[in-house]
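Asker: I'll drop the sequence and a predicted model, then ask my questions.
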Amino acid sequence: MIDITFSKDVAAARDAGQPIVALESTIITHGMPWPQNLEVAQQVERTVREGGAVPATIAVLDGSLHVGLDDDQLTKLAQAKNVAKLSRADIAVCMAQGGTGATTVAATMIAAHLAGISVFATGGIGGVHQGAEDSFDISADLQELAQTPVTVVAAGAKAILDLPKTFEVLETLGVPVITVGQDEIPAFWSRSSGLSAPLRLDTAAEIAKAQLMRTALGLSGGQLVTNPIPEANEIPRDVILPIIETAMAEATAQGIAGKSVTPFLLQRIFELTEGRSLASNIALVLNNARLATEIAKEMTKLA
Ligand code: PSU
Ligand code: MN
């Protein structure tokens with residue numbers, strides 16, 4: 001078994017059987033600019049604590065897998081430049097070399113599962129990129145949801161993606177996509193995607209029960225819970241779509257490819273919306289942390 005470095009709080013919560021919510025770190029290093037990234041990371045942790053669970057932010061630091069970071073570690077990571085963005089493909093190499101890296105949704109799910117944590121909150125998962133028919137750029141997050149038993153709470157897939165193809169692939173992979181509180185899958189910055197939700201559950205208790213039922217049935221994999229951004233914080237779809245198109249045209253013109261696509265687009269959309277996209281991103285992450293906390297508490301009750 002690999003050695004996991006647990007923070008003091010997470011270690012105590014594990015011993016006491018208290019609810020724990022996993023949090024990723026790529027959103028800190030590649031998803032948001034300094035210093036908002038640190039403020040948000042701290043605020044998300046506070047939100048989980050206030051809700052009655054223990055936050056476990058996950059990252060690889062100097063070759064060791066950390067589940068739960070202290071304030072110092074969080075600050076260093078938020079300030080660090082050229083941190084690796086780790087997914088299933090590269091987490092082992094990074095650790096073997098003693099490197100430091102932030103975990104994406106896929107790598108965070110792997111670490112959470114190793115640590116016995118079954119719920120994880122993020123902003124939006126990766127998915128099928130537009131033009132994937134040529135680039136084959138499909139996030140490893142989708143495969144991970146199909147094989148690792150962790151419930152991921154997100155505001156949908158990031159709206160820079162090809163959303164219809166993303167949800168088709170999830171269906172093919174057997175991943176339950178569960179929308180909360182409405183009949184349409186939300187689209188990250190917007191509540192509306194034009195796609196109807198394949199599944200809808202409105203309570204944390206039902207979502208927790210469904211994950212346990214998957215395990216009981218011997219079905220591998222987790223669940224994607226799509227939690228709409230609060231109305232007050234959304235950027236309507238018709239406002240954000242042309243901005244996404246502009247940012248994508250720039251990415252193509254500059255030859256941005258692979259892992260750099262998502263961070264580039266998020267940064268350009270932040271600039272083009274004069275910060276509004278970041279404010280929305282922050283609001284939706286906090287909203288997801290609140291729901292993940294409730295699900296974690298329900299899972300603890302059922303366990
Ligand atoms: N949610 C956010 N911002 C982010 C991410 C999620 O609000 O930056 C990160 C997650 O770590 C996710 C990654 O796994 O974006 C997807 O990257 P890619 O498209 O390269 O697979
Ligand atoms: Mn990709």
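Answerer: Sure, I can see it. Ligands and ions are numbered 1, 2, ... in the order given.
Asker: confidence score at Asp15?
Answerer: Note on Asp15: pLDDT of 97.
Asker: mind giving me the packing neighbours of the host helix or strand of it?
Answerer: Taking DSSP states H and E as the criterion, Asp15 maps to helix 8-16. When contacts are defined as 3 or more C-beta pairs under 8 Å, 6 or more residues apart in numbering; DSSP states H and E, helix 8-16 sits against strand 20-23, strand 54-61. C-beta here means a position set from N, CA and C on the backbone, and glycine is covered the same way.
Asker: what average pLDDT does the first one get?
Answerer: Spelled out, it's strand 20-23. The model assigns strand 20-23 a mean pLDDT of 98.
Asker: quick one: strands adjacent to it?
Answerer: Strand 20-23 has the following strand partners under DSSP bridges: strand 54-61 (parallel), strand 119-121 (parallel).
Asker: from those, which stretch is densest packed?
Answerer: Mean neighbour count (mean count of other C-beta atoms under 10 Å) peaks for strand 119-121 among these, with a mean of 30.
Asker: how about it and ligand 1, touching?
Answerer: No. Interface with ligand 1: strand 119-121 contributes nothing (C-beta under 6 Å from any ligand atom), its closest point being 9.9 Å away.
Asker: next structured bit after that strand?
Answerer: Next along from strand 119-121, by DSSP H and E: helix 132-135.
Asker: which other residues reach that next one?
Answerer: Helix 132-135 has contacts (C-beta atoms under 8 Å, 6 or more residues apart in numbering) with His129, Ile138, Asp162, Lys165, Ala257.
Asker: which of those residues count as buried?
Answerer: In these, burial by neighbour count holds for His129, Ile138, Asp162, Lys165, counting by 16 or more other C-beta atoms under 10 Å.
Asker: distance between stretch 42-60 and the chain's centre?
Answerer: Centroid displacement of stretch 42-60 relative to its chain, using C-alpha atoms, centre = their mean, to the nearest Å, is 14 Å.
Asker: what pLDDT, on average, does it get?
Answerer: For stretch 42-60, mean pLDDT is 98.
Asker: also stretch 274-290?
Answerer: 98.
Asker: could you do stretch 197-211 as well?
Answerer: The pLDDT scores in stretch 197-211 average 98.
Asker: and it, how far apart are its ends?
Answerer: By C-alpha to C-alpha, to the nearest Å, the extent of stretch 197-211 from end to end equals 18 Å.
Asker: now do stretch 261-280
Answerer: Terminal residues of stretch 261-280 lie 20 Å apart, using C-alpha to C-alpha.
Asker: pull out the buried positions in it.
Answerer: So stretch 261-280, judged by 16+ other C-beta under 10 Å, has buried residues 261-270, 272-273, 276-280.
Asker: which ones are touching the residue of the stretch 201-303 of the chain found nearest ligand 1?
Answerer: Residue of the stretch 201-303 of the chain nearest ligand 1, by C-beta to the nearest ligand atom: Thr262 (3.8 Å). Counting by C-beta under 8 Å, 6+ apart, Thr262 makes contact with His30, Gly31, Gly126, Lys158, Ile160.
Asker: again, 6 Å this time
Answerer: For Thr262, the contact set (C-beta atoms under 6 Å, 6 or more residues apart in numbering) is empty.
Asker: okay, the helices and strands packed on helix 8-16 in CSV with distance to Gly101 next?
Answerer: CSV is the format used below for these (distance: least, C-beta to C-beta, whole Å):
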stretch, distance to Gly101
strand 20-23, 15
strand 54-61, 5
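Asker: which of the buried residues of stretch 261-280 fall in helices?
Answerer: Counting by DSSP state H, the buried residues of stretch 261-280 place 261-270, 272, 276-280 in helices.
Asker: list the buried ones in the helix holding Asp15?
Answerer: Asp9, Val10, Ala13, Arg14.
Asker: which one of those sits closest to ligand 1?
Answerer: Closest to ligand 1 out of the buried residues of helix 8-16 is Val10 (19.8 Å), distances taken as C-beta to the nearest ligand atom.
Asker: how about the nearest residue to that closest one, chain neighbours excluded?
Answerer: Sequence neighbours aside, Gly68 is the residue nearest to Val10 in space, at 3.4 Å (criterion: C-beta to C-beta, 6 or more residues apart in numbering).
Asker: what confidence value was assigned to the one you found?
Answerer: At Gly68, the pLDDT value in this model is 98.
Asker: I'd assumed Gly127 was in contact with Leu161.
Answerer: Yes. Taking C-beta atoms under 6 Å as the definition, Leu161 is a contact partner of Gly127 at 4.3 Å.
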